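**Student:** could you work out the structure for the sequence below:
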Amino acid sequence: MQKFFSLFIISLFIFGCSKDITIDRLDRQRVHELSIVNTQKGELTNQNSKVFILATYLNPIKTSEIDKTKENFLINIYLSKESEHPKQNNNPFYQIRLNGAILADDIEILDKNSKILKLIPIKNRWSEYYLIKFPKQKSKTLKLTFENAQHSRVILTFLKEL
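**Tutor:** Residues are numbered from 1 along each chain as shown. Next up, the predicted model:
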């Protein structure tokens, strides 16, 4: 009994003294809580179509899947097909900007089986998913803008930890 108690106390010290708790070690529920807190939604509309956007700011979620030297966003785009003329449902945005002027460094179309999609709880088979990376910003507020000539403009605002 004394050996068991000693072993229990030693293991408690070893496993209880973790320095960095990252998303790789947290449970899925906590990951989803962080992603939902850092998600904004928007809608671009014109006479022929609607584009639904869910954007998740990924930097608060500490994981090896995210480039910490960039501002990372996971974008979920769903284009409703209300138009009888599919050519009128062009690319839903021509410009994606951060804080009004900064263009994306990298835009990656994500496969439906991407590891990054496991960071968000809300997924559907009709949406397209993109990982968009911008240069690191010093400002505390990040304004992600989607716009083109055919649709209205949407600005999604995120707060970051400095």
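
**Student:** please state the backbone phi and psi of residue 37?
**Tutor:** Per-residue torsions, residue 37: phi -60, psi -30 (degrees, to the nearest 10).

**Student:** count of neighbours near it?
**Tutor:** Under the neighbour criterion other CB atoms under 10 Å, residue 37 is assigned a count of 12. Heads up, the C-betas are built off the backbone N, CA and C, glycines and all.

**Student:** for the protein, just list every one of the helices.
**Tutor:** In the chain, the segments counted as helices under DSSP state H are 2-16, 28-37.

**Student:** and the ones you listed, which one is worst for confidence?
**Tutor:** Per-segment mean pLDDT for the helices of the chain reaches its minimum on helix 2-16, at a mean of 54.

**Student:** and the longest strand seen in the chain, what does it pack onto?
**Tutor:** In the chain, taking DSSP state E as the definition, the longest strand is strand 70-79. In this structure, strand 70-79 makes packing contacts with strand 50-57, strand 128-135, judged by 3 or more CB pairs under 8 Å, 6 or more residues apart in numbering; DSSP states H and E.

**Student:** buried residues, it. List them.
**Tutor:** Within strand 70-79, the residues that qualify as buried are 70-77, 79, counting by 16 or more other CB atoms under 10 Å.

**Student:** for residue 122, what are its contacts?
**Tutor:** Counting by CB atoms under 8 Å, 6 or more residues apart in numbering, residue 122 touches 54, 76.

**Student:** separation between it and residue 111?
**Tutor:** With distances taken as CB to CB, to the nearest Å, residue 122 is found 17 Å from residue 111.
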